[in-house]
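1. Kindly return the folded structure for what I paste below:
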Amino acid sequence: MSARFAPGDAVRVRWAHPPGHLRTPYYVRGKNGVIERICGAFANPEELAFGRDGLPTRPLYRVRFDQRTLWPDYAGREGDSVEVEIFEHWLEPGT
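-> All right, here's what the predicted structure looks like:
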């Protein structure tokens, strides 16, 4: 598996609305996060949902988002975070 990103890399989730089955939550689209880990390479579930083989496999990452990045009115503690598993084709270099 050739992963484009490594743990600690800043990434941005693509702001996209393709039709069909999507595994990437709406609330993280367009948001910046940090790669927490590489989970491995797996068949693309967006293709599997339509009975296709999902190949080639794609790297899956766990991305950490600061709660305030996702919800500006978040009233919890500073540093609280959410981790979401996101396939590589949804990610681009972040800031």
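2. So for stretch 28-42, what gets flagged as buried?
-> 28-29, 31, 33-36, 38 (16 or more other C-beta atoms under 10 Å). Glycine gets a C-beta too; all of them are placed from N, C-alpha and C.
3. What mean pLDDT does it get?
-> Mean pLDDT, stretch 28-42: 97.
4. Spit out the contact partners of L48.
-> The neighbours of L48, taking C-beta atoms under 8 Å, 6 or more residues apart in numbering as the test, are G54.
5. and the end-to-end length of stretch 41-52?
-> With C-alpha to C-alpha, to the nearest Å as the measure, stretch 41-52 spans 17 Å from end to end.
6. Please enumerate the strands of this structure.
-> For the chain, applying DSSP state E gives strands covering 10-13, 32-42, 58-66, 81-87, 91-93.
7. Sketch out the low-pLDDT regions of the protein for me.
-> Flagging of the chain using pLDDT under 70 yields the residue ranges 1, 20-21.
8. can you count the residues close to G79?
-> 8 (other C-beta atoms under 10 Å).
9. got it, and D80?
-> Neighbours of D80 (other C-beta under 10 Å): 11.
10. Quick one, which of the strands of the chain gets closest to G51.
-> strand 32-42 (16.7 Å; C-beta to C-beta).
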